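Engineer: Below: sequence and its predicted model.
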Amino acid sequence: MELEQALEEAKSILTDFDHLVRAVLSGRRRNMETPALRIDIRPVQLKSGRFLQVMSNDGIRTTTKNYSPGDGEVISLLTSGFANILAESTEQSLSIRITKKGEALVNISQVTKEQNLSHDRTKARLLDPSDPFLIEVGISDRDGKLKPSRQDKFMQVEEFLRIMVPTLNNAISAGQIPQPTFDQPLRIVDLGCGHAYLTFAAHQYLRAQGIPVHVLGIDIREESRKRNIEIAQALGISDSIEFRAEEISATKDTQVDIAIALHACDTATDDALAWAVTNEAKLILSAPCCHHDIQAQLSKAPEPWNLVVRHGLLKERLGDILTDALRVHILKLLGYRSETIEFVGDQHTPRNLMIRAVKTKAKPESNEIEQYQSMISSWNVHPALAKRLSANLAEVGVK
Ligand SMILES: C[S@@+](CC[C@H](N)C(=O)[O-])C[C@H]1O[C@@H](n2cnc3c(N)ncnc32)[C@H](O)[C@@H]1O
């Protein structure tokens, strides 16, 4: 089917309010900009009438806006640069993938789906609490119910995946990560994996999505390795999940597409980021833990910042912000498109910032190098990450 005809089909599903179930727009067409990273559209019934709810995610947060059914602005989203379009009605599912050459790969299937017009549908779960891996790792009890004491960890892991999966899909669409195959599975390394809640979750979730994957968990603690290996054996997945007890910096001979780290303590996050850069990870997702490195160096703040750092609590918070700002900027200087995102609500952990970085190999601009140098010299700080990556930074011209 030609692209134009496929888009007409999608439009007719989107404008048939009585049968529309949802539409999802994602990925970016070659040489085109999209208004968001992903857009979800669905019909809703509010007190004031029927609307199309458009949820736009820019990779950091989701904004929601309601439009009248058939609104031209919503329809124009179909041609706003997205490479993947899914339009579902109660009877039909249409998926369009627009190739780099601008051709449409179209799939239409007959389905039986129900409309759900309620306004505040709860977020669909990615992980089923009764999944055997959640029972084995101790997040759920033997009846498959989430343990109240583990609820926050469950949310952290699930929300981490909620960011990882579209970031991965985009990286695959953009050719930054090759399409995983059984011969060349997606390689994920979890640095500072501890009890491996995220490690197992990434493995099980991606495998359930049909993505061939190999996951390696690194933690310095031998007892974690032993425990995790036993769990992998109990789940029958030892062929594609591996654990090593070693320092992150000592981890060798490892291929990696995605480096992940959830709450690697203090400068272990710097070890994880440095390891990911050195091993040329294409994606890095790291939610830092406590920060002591820069904080301890903040005795002489440039004026007038003493106004802030003389207050212990504010100094601590500023130390966190400076640490992560410098981490993100160092990644940028070293060829990553990097940013900070809030990955989970702060009711589930105060450590809810994630550094997300996608390798683009872009060379830094001279003003970006100057900005970095001016920041570290005015604060007189030496970030742990810069020490670990000093040779890489020197290569791009950082003195
Ligand atoms: C706070 S725990 C987080 C564990 C897990 N990622 C989670 O979210 O449940 C941090 C883990 O990092 C490990 N760790 C700290 N420094 C490390 C290093 N330099 N190399 C390897 N593992 C390290 C610790 O042993 C600990 O298990």
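Structural biologist: Nice, thanks for sending it over.

Engineer: From now on I want contacts and neighbour counts done on CA atoms only, so please keep to that.
Structural biologist: Will do.

Engineer: Contacts only, for Met354.
Structural biologist: Neighbouring residues of Met354 by CA atoms under 8 Å, 6 or more residues apart in numbering: 285-288, 340-343.

Engineer: Secondary structure and pLDDT added to the residues you listed, as JSON lines?
Structural biologist: Shown next, in JSON lines, are the contacts of Met354 (DSSP: H, G, I helix; E, B strand; the rest coil; pLDDT from 0 to 100):
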{"residue": "Leu285", "secondary structure": "strand", "pLDDT": "98"}
{"residue": "Ser286", "secondary structure": "strand", "pLDDT": "98"}
{"residue": "Ala287", "secondary structure": "strand", "pLDDT": "97"}
{"residue": "Pro288", "secondary structure": "coil", "pLDDT": "96"}
{"residue": "Thr340", "secondary structure": "strand", "pLDDT": "94"}
{"residue": "Ile341", "secondary structure": "strand", "pLDDT": "92"}
{"residue": "Glu342", "secondary structure": "strand", "pLDDT": "91"}
{"residue": "Phe343", "secondary structure": "coil", "pLDDT": "90"}
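
Engineer: Distance to the ligand added to these, as JSON lines?
Structural biologist: What follows is the contacts of Met354, written out as JSON lines (distance: CA to the nearest ligand atom, whole Å):
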{"residue": "Leu285", "distance to the ligand": "12"}
{"residue": "Ser286", "distance to the ligand": "10"}
{"residue": "Ala287", "distance to the ligand": "9"}
{"residue": "Pro288", "distance to the ligand": "9"}
{"residue": "Thr340", "distance to the ligand": "18"}
{"residue": "Ile341", "distance to the ligand": "17"}
{"residue": "Glu342", "distance to the ligand": "16"}
{"residue": "Phe343", "distance to the ligand": "13"}
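
Engineer: Just the buried ones among these, please.
Structural biologist: In the contacts of Met354, burial by neighbour count holds for 285-288, 340-343, counting by 16 or more other CA atoms under 10 Å.

Engineer: so what's the residue nearest to Thr181 when sequence neighbours are not counted scoring on pLDDT?
Structural biologist: Counting by CA to CA, 6 or more residues apart in numbering, the nearest residue to Thr181 once its immediate chain neighbours are dropped is Pro212, at 5.8 Å. Looking at Pro212, its pLDDT is 95.

Engineer: cool, and Asp120?
Structural biologist: The model's pLDDT for Asp120 equals 64.

Engineer: What of the one 10 residues further on?
Structural biologist: pLDDT recorded at Ser130 is 93.

Engineer: three-state assignment of it?
Structural biologist: For Ser130, the assignment made with DSSP: H, G, I helix; E, B strand; the rest coil gives coil.

Engineer: quick one: the strands in the stretch 251-399 of the chain?
Structural biologist: Listed in chain order, the strands of the stretch 251-399 of the chain (DSSP state E, counting those that start in this stretch) span 258-262, 283-287, 336-342, 353-359.

Engineer: my bad, the stretch 101-250 of the chain
Structural biologist: Taking DSSP E, counting those that start in this stretch as the criterion, the stretch 101-250 of the chain carries its strands at 104-110, 186-191, 213-219, 241-245.

Engineer: sorry, back to before: measure the residue nearest to Thr181 to Pro180 for me?
Structural biologist: 6 Å (CA to CA, to the nearest Å).

Engineer: Please apply the same query to Gln5.
Structural biologist: 31 Å.

Engineer: Give me the more crowded residue out of these two.
Structural biologist: The neighbour comparison of Gln5 against Pro180 (other CA atoms under 10 Å) goes to Pro180, with 15 against 11.

Engineer: give me the number of residues near the closest residue to that one other than its chain neighbours?
Structural biologist: Residue nearest to Pro180 in three dimensions, not counting chain neighbours: Leu186, with 5.1 Å by CA to CA, 6+ apart. Counted by other CA under 10 Å, the residues lying close to Leu186 total 23.

Engineer: didn't Leu186 look like it was pressed against Pro212?
Structural biologist: Yes - using CA atoms under 8 Å, Leu186 is in contact with Pro212, at 6.2 Å.

Engineer: and this protein, which of its residues are near the ligand?
Structural biologist: Neighbours of the ligand within the chain, by CA under 6 Å from any ligand atom: 192-197, 218-221, 246-248, 262-265, 268.

Engineer: Report the buried members of the residues you listed.
Structural biologist: 192-197, 218-221, 247-248, 262-265, 268.

Engineer: pLDDT weak spots in this structure?
Structural biologist: 120-123 (pLDDT under 70).

Engineer: what are the ranges of the helices in it?
Structural biologist: Remark: helices assigned in the chain by DSSP state H are 3-15, 72-75, 132-137, 151-173, 197-208, 222-235, 268-278, 306-309, 312-333, 366-379, 384-388, 390-395.

Engineer: Which strand residues bridge the residue nearest to Pro180?
Structural biologist: For Leu186, the beta-bridge partners are Val213 (DSSP bridges).

Engineer: CA-only coordinates of stretch 326-346, as CSV, when you get a sec.
Structural biologist: Output of stretch 326-346 as CSV, limited to C-alpha atoms (Å, rounded to 0.1, in the frame of the first residue of the first chain):
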residue,chain,number,x,y,z
LEU,A,326,28.9,18.2,35.2
ARG,A,327,28.3,14.5,34.6
VAL,A,328,25.8,15.3,31.8
HIS,A,329,28.1,17.9,30.3
ILE,A,330,31.1,15.6,30.3
LEU,A,331,29.0,13.0,28.4
LYS,A,332,28.0,15.7,26.0
LEU,A,333,31.7,16.6,25.4
LEU,A,334,32.4,13.0,24.7
GLY,A,335,29.9,12.5,21.9
TYR,A,336,26.6,11.7,23.7
ARG,A,337,23.3,13.6,23.5
SER,A,338,22.7,13.7,27.2
GLU,A,339,20.0,15.0,29.6
THR,A,340,18.5,14.6,33.0
ILE,A,341,15.0,13.2,33.5
GLU,A,342,12.8,12.6,36.5
PHE,A,343,12.2,8.9,36.1
VAL,A,344,9.9,8.1,38.9
GLY,A,345,7.8,10.1,41.4
ASP,A,346,9.7,11.3,44.5
